[in-house]
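S.K.: Here's my sequence, what's the structure:
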Amino acid sequence: MKTKALTAVCLTTLLFSHASFSGWGQASLYKESELNLNTDGLKEFSVDVGAGDIEVKGQASSSEIRVEAKVYGKRIDEDDYTLSLSEKGNRAVLEAFFNGESRNGERIDLVVYMPSSLHLMLDDRSGDIWVSSLHAGLEINDRSGDIELRDVKGGVKVEDRSGDLVASQLEGDVTVADRSGDIHLKDLDGDLTIDDSSGDVYVKNATGSVTVDDSSGDIRVNGAASFKLKGDGSGDVVLRNVESR
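M.R.: Below is the predicted model:
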């Protein structure tokens, strides 16, 4: 059984630089593309991506989505992959993935500029994710790769199968379902709920409640309105500056 230690703990939030994330192979650049879509009247942005890294940057004054794509791989042509940006109802839809099985390190790396006012739903199969400056909420379904979030308002939901999660400056309730990888969260304005299968959990400066259901790994919380441990697997729990336990 875990014991709740009230001793002081120094909580360090790990911040990744782009270069520190997982490296891909040495596949050569096949093609660069740019996609654009006017977002007047749209409410949501749905992104479905396969192998490759993606960076999403919110822009408060923008009324369009702009996508910079780099396609990597050997002996490929345009029939081998899907890369499209379209409007469906009140939603913008971005698709970027290879149509068949990847054998030679093929990937599509993306940099996406979007209005901060759109709600983002991101489904990512493989690769690292960076998201910043969104103000209408964020949902991520990630199968493999690390995630870094910064300055996201309107609530965050993350389902993460493999990889670390690093986030700071989040406003609204945050829900994380994590199977494998460490979680580092800092400066949260809202309630936090974590369902953690494997990996350590670090939380610093949360204004709301922190609820954790944990199977394996340490839990360290420095600053929260309250803390509740729903499940108890293995690892230590260290709490500091928590108003209610």
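S.K.: CA only for contacts and neighbour counts going forward, please
M.R.: OK.
S.K.: Endpoints of stretch 92-111, how far apart?
M.R.: Using CA to CA, to the nearest Å, the end-to-end distance of stretch 92-111 comes to 16 Å.
S.K.: I'd like to know the beta-bridge partner residues of the residue most central in space within the chain.
M.R.: Centroid-nearest residue in the chain, with CA atoms, centre = their mean: Ile147, separated by 4.1 Å. Using DSSP bridges, the bridge partners assigned to Ile147 are Ile129, Leu165.
S.K.: give me every residue that touches it.
M.R.: Ile147 makes contact with Asp128, Ile129, Trp130, Gly163, Asp164, Leu165, Val166, according to CA atoms under 8 Å, 6 or more residues apart in numbering.
S.K.: which sections of this structure are below the confidence cut-off?
M.R.: Of all residues in the chain, those with pLDDT under 70 make up the ranges 1-26, 102-103.
S.K.: Kindly list the longest strand within it.
M.R.: strand 219-231 (DSSP state E).
S.K.: measure the residue nearest to the centre of the chain to Asp182 for me?
M.R.: 11 Å.
S.K.: any idea how far Tyr30 is from Ala69?
M.R.: Here the distance between Ala69 and Tyr30 works out to 11 Å (CA to CA).
S.K.: same deal with Glu87?
M.R.: Applying CA to CA, one obtains 27 Å for the distance of Glu87 from Tyr30.
S.K.: which residues are in contact with both of Ile147 and Asp182?
M.R.: Once CA under 8 Å, 6+ apart is applied, the residues that Ile147 and Asp182 both contact turn out to be Gly163, Asp164, Leu165.
S.K.: helices or strands up against the next helix or strand after the longest strand of the chain?
M.R.: Per DSSP states H and E, strand 219-231 leads on to strand 237-244 as the next helix or strand towards the C-terminus. Packing contacts for strand 237-244, counted by 3 or more CA pairs under 8 Å, 6 or more residues apart in numbering; DSSP states H and E, involve strand 4-5, strand 219-231.
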